[in-house]
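> here you go, sequence then predicted model.
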Amino acid sequence: MSRTDQIRKSSPDTKKKPLSREEQLKQSEFQAEAIVHINALYNYALHLTMNPDDAHDLVQETYLKAYKFFSSFEKGTNCKAWLFKILKNNYINRYRKNAREPGKVDYDLIKDFYHTIKDTRRDSTETETDYFHSLLHEEVYMAMQSLPEEFREVIQLCDIEGFTYEEIANMVESPIGTVRSRLYRGRKLLRAQLEGYAKKFGFNTEKDR
Amino acid sequence: MKCDKARELMSAAVDSELTSRENQAFTLHLQECSDCREEFEEAKKTKQIIQEKIVRFKAPQSLINSIMGLSLSSKKEPSTSPLTD
């Protein structure tokens, strides 16, 4: 779609005062670049806050700020990474400085989430029969939540959101070497947690070597 | 390459973030070290499990509407939004 088409498509229905051409252009660019990432941002916010209302507010604030400062976004760079960084900063400002305990998990909330999607997601792609594949979504989720935040965060950004190490390093404001080692240690911890779940359900996780 | 170094490179190997030189040395080490080989397989699998099992939620429609509202404040409800499907 050409830029002109985009503008035409998103132009107001002239019920209110029409926006300036400049504003229209900003809106259509913002829509194309930023709003497409709303699901990813919402999931990230949910993981951080563990609360749908807080996640809702956090994403809303993030977009408000992003729109306001959209001119500072460098075109051609990863907009999703830019938005994630804004969201993270917002989260820190809003929750960490206040009394909210980080890492506190509402297990009922997780169960509620997963209850609604259970069974519909028993994947058809799973062909292996080892213990890992017997794990439930909520078990993996809880194992993730049990990790110290610095590990959980990089795993989430890497494995779930698919950011590169460079992007993650920028987001968590640490060197790439730190990202590497956090991922290494985080995955090891996670693996141990998952084995714990598997053992609980009677799967033998010992290697017969 | 020693196991220490291989472990340092392990996550980057899982995520295809090694330079080609690092990758070469890492692959060579795996060929001769079964412990690191096993650890590498486990790390790959852990990543795969996360990707398979962590469920993605859709942003609620009310949130989408409110954000469309702030960026397109004078626009009527979009009939074909790329976000709703």
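Noted; the coordinates are in hand.

> could you use CA atoms for every contact and neighbour count after this?
Noted.

> ok, residue 55 - contacts?
The chain I'm using is chain A. Shown in contact with A:Ala55 (Cα atoms under 8 Å, 6 or more residues apart in numbering or on different chains): A:42, A:45-46, A:48-49.

> can you look at chain B instead?
A:His137.

> now do the SS call for it.
coil (DSSP: H, G, I helix; E, B strand; the rest coil).

> do you know how far it is from A:Leu136?
Note on B:Val55: its distance to A:Leu136, by Cα to Cα, to the nearest Å, is 11 Å.

> try B:Arg56
From B:Arg56 over to A:Leu136 (counting by Cα to Cα), the distance is 14 Å.

> between these two, which one's more packed in?
A:Leu136 (19 against 13; other Cα atoms under 10 Å in any protein chain shown).

> how much space between that one and chain B?
For A:Leu136, the distance to chain B (Cα to the nearest Cα, to the nearest Å) stands at 7 Å.

> that residue reaches B:Lys53, doesn't it?
Yes - contact status for A:Leu136 versus B:Lys53: in contact at 7.3 Å, counting by Cα atoms under 8 Å.

> now do the buried residues in stretch A:172-190.
A:172, A:176, A:179-190 (16 or more other Cα atoms under 10 Å in any protein chain shown).

> and these as TSV, adding pLDDT and distance to A:Gln156?
Formatted as TSV, the buried residues of stretch A:172-190 follow (pLDDT from 0 to 100; distance: Cα to Cα, whole Å):
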residue	pLDDT	distance to A:Gln156
A:Val172	90	12
A:Ile176	95	16
A:Val179	96	12
A:Arg180	95	13
A:Ser181	93	15
A:Arg182	95	12
A:Leu183	96	10
A:Tyr184	95	13
A:Arg185	94	14
A:Gly186	95	10
A:Arg187	94	11
A:Lys188	93	14
A:Leu189	94	14
A:Leu190	93	12
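
> from those, which are also near chain B?
Among these, the ones lying close to chain B by the criterion of Cα under 8 Å from any Cα of the partner chain are A:180-181, A:183-184, A:187-188, A:190.

> take those and keep only those in helices.
Among these, DSSP state H puts A:180-181, A:183-184, A:187-188, A:190 in helices.

> after the host helix or strand of B:Lys5, heading C-terminal, what element do we hit next?
For B:Lys5, the enclosing helix or strand under DSSP states H and E is helix B:3-14. Note on helix B:3-14: by DSSP H and E, the next helix or strand toward the C-terminus is helix B:20-32.

> just the contacts of A:Ala55 that are near chain B?
Checking those against chain B (Cα under 8 Å from any Cα), the matches are A:Tyr42.

> which one of the contacts of A:Ala55 is nearest chain B?
A:Tyr42 (5.7 Å; Cα to the nearest Cα).

> give the contact list for that closest one.
A:55-56, A:59, B:57-59.

> re earlier: out of the contacts of A:Ala55, which sit inside helices?
If you go by DSSP H, the contacts of A:Ala55 have A:42, A:45-46, A:48-49 in helices.

> so how many other residues sit close to A:Ala192?
Neighbours around A:Ala192, by other Cα under 10 Å: 13.

> in terms of pLDDT, where does it sit?
For A:Ala192, the model assigns a pLDDT of 91.

> now it: how far from B:Ala59?
Counting by Cα to Cα, the gap from A:Ala192 to B:Ala59 is 32 Å.

> how about the secondary structure of A:Gln31?
Remark: A:Gln31 carries the secondary structure label helix [criterion: three-state DSSP].

> relative to A:Ile168, how far out is A:Lys85?
Distance from A:Lys85 to A:Ile168, counting by Cα to Cα: 9 Å.

> where in chain B is pLDDT low?
B:70-85 (pLDDT under 70).

> what do you get if the cut-off is 90, keeping everything else the same?
B:1, B:49, B:51-58, B:65-85 (pLDDT under 90).

> quick one: contacts for B:Ala59?
A:38-39, A:42-43.

> how does chain A divide into domains?
Chain A is divided into the following domains under automatic domain parsing: A:3-96, A:107-200.

> now the ones you listed in CSV, with distance to B:Ile49?
Formatted as CSV, these follow (distance: least, Cα to Cα, whole Å):
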stretch, distance to B:Ile49
domain A:3-96, 17
domain A:107-200, 7
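
> isn't B:Ala6 right up against B:His29?
Yes - B:Ala6 is within contact range of B:His29, at 7.3 Å (criterion: Cα under 8 Å).

> neighbour count winner among those two?
Counted by other Cα under 10 Å, B:Ala6 and B:His29 do not tie: B:Ala6 has more neighbours, with 21 against 18.

> please name the nearest non-neighbouring residue to the more buried one.
Closest residue in space to B:Ala6, ignoring its immediate chain neighbours: B:Phe26 at 6.1 Å, by Cα to Cα, 6 or more residues apart in numbering or on different chains.
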